[in-house]
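Peer 1: Give me the fold of what follows.
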Amino acid sequence: MSNGKAVPVKDLILIPSVITLAVTLLRLVGELQNWSPALFGKAAGGGGALVGISWLIPVFGLYFGWRLARIGHAAPSAGKVVGFAILAIAALTALLIGASRLQLGFSLVLPLFCLGSVAAIFFVYPTWPAFSRTALAYAFAARIPVAIVMLVAIFANWGTHYDVAPPDAPQVDAMSPLVKWLWIGLLPQMTVWIYMTVVGGAVFAGIASAIAGRQRS
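Peer 2: Model (predicted):
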């Protein structure tokens, strides 16, 4: 439970944000230099490459959960945090599966995914406001640089995963660079990836908070 002191968000996210930026820049250099595809894949969305900041979501979810618990801002109910996060992920996944089966198309599915992502964040946020504020701050610190890199990559046509359109959205390549960036860069980075960082991270943060709480007891 909160000890009444303000959450030191800036202090908590400083090192994780620097590490995340370093990984982003390393990923960019690796793709531009055509390093190992397994580590620096150029497929749309990253292709599961081993060097990428999406892998940091569970790592820093655990870190934030542990640190918050240790400084007196533990989850009011770790079970509720984890449960609500899993419920939000399941609901949004079901929505996407339904949209896919209806073959709504990229131009409808992406906005739907973005709106669902924002709703999921609002759904999970109240379960642990201290973590939610911290994770939101970190998410924007992580994703704003990616959005900027994508803007430059799209205009320069670098051929990296930062400027490649999804295979199910060939119409995106016919758009002007700025519009293309809005569709595959700014919009998903500022909604979908924020959701994945906050809601996905909440699952791991809740677990870490519960463990830290037991150890303190």
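
Peer 1: so how far is Ser54 from Ala153?
Peer 2: Distance, Ala153 to Ser54, by CB to CB, to the nearest Å: 17 Å. Placement of C-beta: from N, CA and C, glycine included.

Peer 1: So the two - more neighbours on which side?
Peer 2: Neighbours were counted for Ala153 and for Ser54 using other CB atoms under 10 Å; Ala153 has more, 22 against 16.

Peer 1: Test my guess that that one contacts Ala165.
Peer 2: No: between Ala153 and Ala165 there is no contact under CB atoms under 8 Å: 11.9 Å.

Peer 1: so what does the helix-or-strand element of the chain with minimal mean pLDDT touch, helix or strand wise?
Peer 2: Least confident helix or strand of the chain, by mean pLDDT, DSSP states H and E, is helix 201-216 with a mean of 88. Packing contacts for helix 201-216, counted by 3 or more CB pairs under 8 Å, 6 or more residues apart in numbering; DSSP states H and E, involve helix 56-70, helix 78-101, helix 129-156.

Peer 1: Out of these, which is closest to Ser17?
Peer 2: With CB to CB as the criterion, Ser17 lies closest to helix 129-156 of the helices and strands packed on helix 201-216, at 4.1 Å.

Peer 1: I'd like the next helix or strand past the closest one.
Peer 2: For helix 129-156, the following helix or strand on the C-terminal side (DSSP states H and E) is helix 177-181.

Peer 1: List the buried residues of that next one.
Peer 2: For helix 177-181, burial by neighbour count (16 or more other CB atoms under 10 Å) applies to 180-181.

Peer 1: helices and strands around it, which ones?
Peer 2: Applying 3+ CB pairs under 8 Å, 6+ apart, one finds that helix 177-181 contacts helix 129-156.

Peer 1: The helix it packs on: which residues count as buried?
Peer 2: Neighbour-count burial for helix 129-156 flags 130-143, 145-147, 149-151, 153-154 (criterion: 16+ other CB under 10 Å).

Peer 1: next one: stretch 103-120
Peer 2: Within stretch 103-120, the residues scored as buried using 16+ other CB under 10 Å are 106, 109-110, 113-114, 116-117, 120.

Peer 1: Nearest approach to Ile211 belongs to which of the helices and strands packed on helix 201-216?
Peer 2: Set against Ile211 and scored by CB to CB, the helices and strands packed on helix 201-216 come closest in helix 56-70, at 7.6 Å.

Peer 1: What about Asp163, how many residues nearby?
Peer 2: With other CB under 10 Å as criterion, Asp163 counts 24.

Peer 1: Not counting sequence-adjacent ones, nearest residue to Leu186?
Peer 2: With CB to CB, 6 or more residues apart in numbering as the measure, Ala147 is the residue that lies nearest to Leu186, at 5.4 Å, once sequence neighbours are left out.

Peer 1: Wait, that neighbour touches Met190, no?
Peer 2: Yes: between Ala147 and Met190 a contact is recorded at 6.9 Å, counting by CB under 8 Å.

Peer 1: Give me the phi and psi for His73.
Peer 2: Main-chain torsions, His73, degrees, to the nearest 10: phi -120, psi 40.

Peer 1: close enough to count as contact, it and Val7?
Peer 2: Yes: taking contacts as CB under 8 Å, His73 lies within contact range of Val7: 5.6 Å.

Peer 1: Looking at these two now, which is surrounded by more residues?
Peer 2: His73 (27 against 19).
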